[in-house]
Structures are given as C-alpha cells and as structure tokens.
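> Model the following, please.
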Amino acid sequence: ESRPLEKVATKNLDALKAYSLGVQRGARGQFAEALAMFDQALKIDPQFASASMRTGVVQYSAGHIAEARDAFNRALGHPERLSARDILYAESFVATMDQSADAMGKWQVMVDTYPDFFAATGGFAYLAWRDANRFDARNVALALGSASARNPNPIPSRHLLGILYLGNERFADAEQTFKDVESGGFRFTHYLAATEAAQRKFDAATKTLARMPEISMAENPVASSTRALLETAFLVDQGRFADADGAVEKAKNELPEGNRMAGLLDTVGISVRYAFEPGKSDLNAGALASAIDETKNMRAKAGPAERIVLDTRQAMHAYLAAHAGNAGLAKKVLAAMGSEAHPAYTAAFKLRKVAEAEIARKSGNAPAAIEQLEKLVDGSELYITHVALLDSYAQAGKPGDEALRESRWLAAHRGRAYAEASAENLLTPYNVGQSDLALLRGAELALKANDGAGARSMLGKFREAWPEASRAPAFAERVKKIQDGLPAAESR
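Numbering: from 1, shown residues only. Prediction:
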C-alpha cells in the first residue's frame, strides 16, 4: 500500500519509510509500535535527527521524561540534520521539561512563526491544557486549527479538542469528537468515558472504558494512571467510596516495585478519604505523614520535570493538612519545599497558593484567603480554587451570594472536574467528588439564605447523586438538618 512519506532529512528510503510509519502509529496512540519504528529508522541511519526528535515526543507523551530528554538532546546534537523549525520545536520541548519560565513563550514564538506547522500548534495547545489548565476559546481555536483536514496526522489534536470541549461542558461536541478519533484508530477511550460519566451515564462510561486496551504503567504511565484515576473518579462520583479505595489499592498493587506512580496513588487515596470519608481521620493522619516524607525523599533525587510534579503533590498534602485543621504541619510542608519558583501557569504554583490560602483560612483569616484565591481566578485556575473559595466565603460570613455562587459553579462544571489534567490527574477524583458535595453545600447555603426551593432542589440532586452515601453518618445528619429546616424556609 502506498503511504505518504514525511519530508525529512535522510537519504535512506527504508529509514524514511520506518519514520513515516512511526509518525502514523504515534498519532493513533500506538506508542510502543511508534517507538519500534523510530528505533528501526535510527538503526538504519543513526544520525537521523528527526527520528530522535519524534522519539522524544512519544516518550514525553507517555510520561518517560528521562528518555524523552535523551532523545531530544540526541536530535539537537545533529543540528545540521534539522531545519530551523525543528530545532525550535525540540528546544521548546526541552524548555518545557526544564520548567523554564519562558517555555510557553517559546511555544508561542513557534506557533506565530510557523502557523502551518501542525505539530507545533497541536503541541502548544496540548501543553497549554495539560500544564497551564487552559480551556479558553483561544486554546480551543489552536486545537481546532491543528485538527484541520490539512494536517496529515490530525488525530491527537482532535482528541485534545474533545478534552477541551469536555472541560467547557460541551458534551455533545466532545462525544462526537471522541467517537470520530476512535473510528480513526485511536485506542484511548478514557476521556469519552469521562464525558459520559460527567453526564452521569455510568453504565455507558464503564463499557466505553472497557474498550481501551490494558496498558501497563511501565509502557505508558500517563495513559495507565489516567485510566486508573478516572475509574476511581467514576466510583467517587457515585458515592462508592469503599470501592474507590479498592480501585486505588488495586492500581498500586499492579505497579512495578519502586514505581514513582505509587506516591501519586497514595495522595489520591488520602484526598478522597479526607474529603468524603471523615470517619477515617486517624488512618488519614498517618498516611498523610508518610506521603509527605516519601515525597520529600523523592524530591531530593529528582530532576526539574520530576520536581514540579512532586511539588504539586506536596502542595496538595499541605492543603489537606490545613483543611483537616493542622495548619502547623501544612506550613512545615511548604517550608520544606524551599523557595524554588515554578512558573505561574503551572499547577505547582497555583496549588501552592491554594494551600497557603487554606492555611490562612484555618488560622482564622478568611479575608486574606479570599484575597489570595481571587487573584488566581482567570479561567485557568484549578477547580480546587473554587472549593477553597466556597469554604472561605462561608467562613467570612458571605454565605448567601459568594459562597452559594461557588457551590453552584462547582456543581455546574462537572466537565471541567473530569477534564483538568493537574499534574498526572492528581486532583481528578477529588474534583469530581467536590462537584457532588457542592450540591449538599449549596442546599445548606440556600437554606441559610431562606431559599427553600433552591435548598430542596439541590438536596434532591445530592441524594440522587449519592443515594447510599447520603445516608452515611458523615452526611445523614446534614441532610436531616436541611430537611427539618425546609418547611420554615419555604413558608417565608
């Protein structure tokens, strides 16, 4: 079968064929097959810099940061075999891995200089979503442009476009886009499943996720961990917390010895128990202390790309400690992280600011917390920012307008809760659970504002979302208090 070949710098036709096949495999999410093709091209032509560069892209997408860095450096070691455009492309990836303050600026220059280089426009849109949490119209336009029919490999950009639609609660557009890329050979169905779950179509979501092939953490830690954490989020979303705990433990048990994802799963498990299973506070305190120490030890040996992930994780530990009333521990966690300044667009920077605000709130200074949190709200803020704002407004005595507004925002942005990448999907199960818990919080706040109809509506939605959990001791008393107060509120 005749296939179009990439116009790249090698004189060997066999190397060029292997390279072109590798690009096609990578576009479909067949990363192992793509790497095998690029490896074959490099065996034929060891200085084939474009093959090394594409190897770096695939390794980076799969979460193999060290291998990606090596591949990009090999490519840049043969600049005579790269165009000026490809040199800038590789340098932009290296800047991203190094968490350079100008990384996004490099990508912007690349997109402005080479607007028809779809790998760059798609790559920039992807990193703006994954690293900067951008779901804005400009990023949607970038992804849409890269998904053009003029792009010979549009599937990755179309998949990203589906995620951005999900994050904007454009569920019909997201579903259609994901179905299109699946019919085009893309193997990863987890975000289509998330789109269905965001609409509470859990049976459909389970079936969709089952179509995705099993991928080990060793082969592709990004895809594998995303799937595991989305499965956990589906269970939290239904109020099935014991099952969610079990899903996290199952994923941990399947990890190779010493795999760095174990710490990620530990933090996810702790965050779910802290937020939705308050009866396990003793277990959580010990687990949190262990997670803090383990993350600190891992950070001491980590490179820049790994440090920013670990610092995001540690910022979540600080937030959870403060939220549980241990502001002293939270301060120690942040202090131990040192003064390394991560770029302001990153989850590490934003989550640290949320943790600092939570420390201020739990120390009795809700106005200071509100001031800090409001500065983060620009459309790219983390979902958890609105959880913290809800708590801070309520504590500051602003339950009727600001706090109630935040509870409604959280409940209305379920697509965003599922679509936010936030450092290896660290926050996804927590976010999703908060979109449900916001219904209970909203009912309580509406009742305080004497909005009986609003309180009844939000309480009914909460009980539908968590039919079993709403009868658990942690929530049953709150539900009863709302029910008892409804007649008086509705009579006013």
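> from here on, contacts and neighbour counts on C-alpha atoms
Noted.
> Identify the residue nearest the spatially most central residue of the chain in space, chain neighbours excluded?
Nearest to the mean C-alpha position of the chain, counting by CA atoms, centre = their mean, stands Ala421 at 1.3 Å. In space, and not counting its chain neighbours, Ala421 is closest to Arg130: 5.3 Å by CA to CA, 6 or more residues apart in numbering.
> what about the one you found, neighbour count?
By the criterion of other CA atoms under 10 Å, Arg130 has 21 neighbours.
> list the contacts for it?
420-423 (CA atoms under 8 Å, 6 or more residues apart in numbering).
> out of those, who has the most neighbours?
Glu420 (28 neighbours).
> so how far is Val272 from the closest residue to that residue other than its chain neighbours?
Nearest residue to Glu420 in three dimensions, chain neighbours excluded: Asn133, at 6.5 Å (CA to CA, 6+ apart). Going from Asn133 to Val272 by CA to CA, to the nearest Å gives 22 Å.
> if we can go back for a sec, and of the contacts of Arg130, the nearest to Arg227?
Taking CA to CA as the measure, Ala421 is the one of the contacts of Arg130 closest to Arg227, at 12.1 Å.
> That closest one against Trp129, yeah?
Yes: here Ala421 reaches Trp129: they are 7.5 Å apart, a contact under CA atoms under 8 Å.
> which regions of the stretch 1-150 of the chain sit below the pLDDT cut-off?
1-8 (pLDDT under 70).
> how many other residues sit next to Glu257?
9.
> Show the backbone phi and psi for it.
With angles defined as degrees, to the nearest 10, Glu257 sits at phi -60, psi 130.
> pLDDT score assigned to it?
Looking at Glu257, its pLDDT reads 79.
> thinking again about what came up before, include pLDDT and secondary structure when you put the contacts of Arg130 into TSV, please.
Listed next are the contacts of Arg130 as TSV, based on pLDDT from 0 to 100; DSSP: H, G, I helix; E, B strand; the rest coil:
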residue	pLDDT	secondary structure
Glu420	97	coil
Ala421	92	coil
Ser422	79	helix
Ala423	78	helix
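> can you tell me which two in those are farthest apart?
In the contacts of Arg130, two members sit farther apart than any others by CA to CA. They are Glu420 and Ala423, at 9.1 Å.
> for the contacts of Arg130, which one is nearest Ala289?
Nearest to Ala289 among those, with distances taken as CA to CA, is Ala423, at 20.7 Å.
> so who does that closest one touch?
Counted by CA under 8 Å, 6+ apart, Ala423 has contacts 130-131, 309, 312-313, 347.
> ok, so of those residues, who is nearest Ala244?
After measuring the contacts of Ala423 against Ala244 - CA to CA - the closest member comes out as Arg313, at 19.4 Å.
> For the closest one, the count of nearby residues, please.
Around Arg313 there are 28 residues (other CA under 10 Å).
> And Gly379, by the same measure?
If you count neighbours by other CA under 10 Å, Gly379 ends up with 11.
> wait, what's in contact with it?
Gly379 neighbours (CA under 8 Å, 6+ apart): 134-136.
> and Ala360, what helix or strand is that in?
helix 347-362 (DSSP states H and E).
> in the next helix or strand after that helix, what's buried?
As assigned by DSSP H and E, the chain's next helix or strand after helix 347-362 is helix 366-376. For helix 366-376, a neighbour-count test (16 or more other CA atoms under 10 Å) marks 366-367, 369-370, 372-373, 376 as buried.
> From Ala197, how far out is Glu254?
According to CA to CA, Glu254 and Ala197 sit 25 Å apart.
> Please say which of these two ends up with more neighbours.
Neighbour count, other CA under 10 Å: between Glu254 and Ala197, Ala197 has more, with 26 against 11.
> thinking that one is in contact with Phe234, fair?
Yes: in this structure Ala197 lies within contact range of Phe234 using CA under 8 Å: 6.6 Å.
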